[in-house]
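[1] Following is a predicted model, sequence given first.
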Amino acid sequence: MKGLETHPVLNRNSEMPLLRPEVLDRLQRPLKDLRLSVIDRCNFRCSYCMPESSLKGDSPFLPRAQLLTVSELSRLVRAFASLGVHKVRLTGGEPLLRQDFIDIVAALREVPGLKDLSMTTNGVLLPKLAPALKQAGLSRITVSLDSLDKDVFARMSGGRGTPDRVLEGISAASAAGFTRIKINCVVHKGVNDHTVMDLVEHFRGSGHIVRLIEFLDVGSSNQWRREHVVAGNEWLQRIHARWPLEPLSESQAGETAERYKYRDGLGEIGLINSITRPFCGACCRVRVTANGTLYGCLFSAKGTPLQPLLTGNSDDAALSAFIQDFWRRRTDRYSETRHLLPVNAGRQEMYRMGG
Ligand code: SAM
Ligand code: SF4
Ligand code: SF4
């Protein structure tokens, strides 16, 4: 077929190997993962994502009527799945603020070809919702937790929530049957870096996986400066000096985290070093905002609206063809070129784009 590179792919769900085309971008990266935002609102005001001071004036959030409905989300994911996307991560904003979030999970679970449906959450609503999420078919959960120190946590979250409430959320998810929960910690130098080792120690041996994330220059409201970043390699040295580590191989191509296991068998950690060790070369992620705007990169300034194809008379094939064409023209590799660009040059906020 014109415009499609063809690679043999083994379909694990069928007994026979299946030849299915992969959709490649201009840098030969296959389209594989979808980060799907379902809402841009949040019950936190994290300093590195949605600082309160940036929200003054008119509501910066999408009117609820503009959020994609369950059936639109389902149609969208079907289109991505038809192009080889088997992993979808639901995000936001805070996805659990969507009243119909369980319905979204249940609907997406039905999409043929979708193998992995996960979510990222700040965790505070998990005590209420974890059992229903499990029952609806969610595969995996990532919970964000930047510090166990309540003052540091408050500084990072804009005074919303507490570490204890997030820990309760993690316990609830665990009790509901979610295993190997990923714990995302954004490290902001001078704010929470002195509490990182405590966080790592707390989860060592728990079965959950701490991932230390370099503070990113996403959006334009978080006052990012290069001096605010602690290189992931520093954590690697410090953690290894205390609890010896050894590298794990990539479990999937295009993985964002560099993974290490503790030599004593007490689990693993991940380092997401987007600033110091960019991984654009294998980036196979596409993003769609809560109102259906498509982005090829977390740092894209401009998106491509899919709404007309979701709400109009256009059919599923037209939607798939449009997305395929978009991906084929993709050249994004922002993290590899950020040093050549001005800081905060009109980029979207993470809570709009979906983290
Ligand atoms: N509200 C949910 C949460 O916080 O888990 C989901 C959305 S949030 C935008 C997704 C992830 O992006 C979180 O783990 C958050 O820590 C991360 N994030 C947000 N802003 C970031 C930044 N400036 N640098 C690095 N990670 C960031
Ligand atoms: Fe909300 Fe998540 Fe952004 Fe924090 S990181 S403000 S919890 S969307
Ligand atoms: Fe992918 Fe853009 Fe991040 Fe590079 S900067 S890894 S292209 S999302």
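    Structure's in. What do you need? Residues are numbered from 1 along each chain as shown. Ligands and ions are numbered 1, 2, ... in the order given.
[2] Pull out the buried positions in the helix or strand residue 172 falls within.
    Applying DSSP states H and E as the criterion places residue 172 in helix 163-175. Buried residues in helix 163-175, counted by 16 or more other CB atoms under 10 Å: 163, 165, 166, 167, 169, 170, 172, 173, 174. C-beta here means a position set from N, CA and C on the backbone, and glycine is covered the same way.
[3] again, but for stretch 69-79
    Across stretch 69-79, burial judged by 16+ other CB under 10 Å covers 70, 72, 73, 74, 75, 76, 77, 78, 79.
[4] contacting residues around that stretch?
    Contact partners of stretch 69-79, identified using CB atoms under 8 Å, 6 or more residues apart in numbering, comprise 34, 36, 38, 68, 85, 88, 100, 103-104, 107-108, 110-112, 114, 288, 292, 306, 310-311, 316, 319-320, 323.
[5] Return the members of the residues you listed classed as buried.
    For those, buried by 16+ other CB under 10 Å: 34, 36, 38, 68, 85, 88, 103-104, 107-108, 111, 114, 288, 292, 306, 310, 319-320, 323.
[6] Which ones among those lie within strands?
    34, 36, 88, 288 (DSSP state E).
[7] In the residues you listed, find the pair that's most separated.
    Within those, 88 and 288 form the most distant pair, 9.8 Å apart (CB to CB).
[8] shared neighbours, these two?
    Going by CB under 8 Å, 6+ apart, residues that sit against residue 88 and also against residue 288 are 34, 35, 36.
[9] need the contact list for the last one.
    When you say that, I think you mean residue 36. 73, 76, 77, 88, 89, 90, 91, 287, 288, 354.
[10] likewise the first one?
    Applying CB under 8 Å, 6+ apart to residue 34 gives the contacts 77, 80, 85, 87, 88, 89, 285, 286, 287, 288.
[11] So which of those would count as near ligand 3 as well?
    When contact is defined as CB under 6 Å from any ligand atom, the contacts of residue 34 meet ligand 3 at residue 285.
[12] and which of the contacts of residue 34 is nearest to residue 339?
    Nearest to residue 339, judged by CB to CB, of the contacts of residue 34 is residue 285 at 21.7 Å.
[13] For that closest one, grab phi and psi.
    phi -100, psi 140 (degrees, to the nearest 10).
[14] what bridges to it?
    Beta-bridge pairing for residue 285 (DSSP bridges): residue 33.
[15] That one contacts residue 35, correct?
    Yes: using CB atoms under 8 Å, residue 285 is in contact with residue 35, at 5.9 Å.
[16] what about residue 230, neighbour count?
    By the criterion of other CB atoms under 10 Å, residue 230 has 20 neighbours.
[17] mind checking how far it is from residue 255?
    Distance from residue 230 to residue 255, counting by CB to CB, to the nearest Å: 21 Å.
[18] Show me which residues of this protein sit near ligand 2.
    Going by CB under 6 Å from any ligand atom, the residues of the chain near ligand 2 are 42, 44, 45, 46, 49, 50, 92, 93, 94, 122, 144, 351.
[19] List the contacts of residue 141.
    Taking CB under 8 Å, 6+ apart as the test, what residue 141 contacts is 118, 119, 120, 121, 126, 130, 133, 173, 178, 181, 182.
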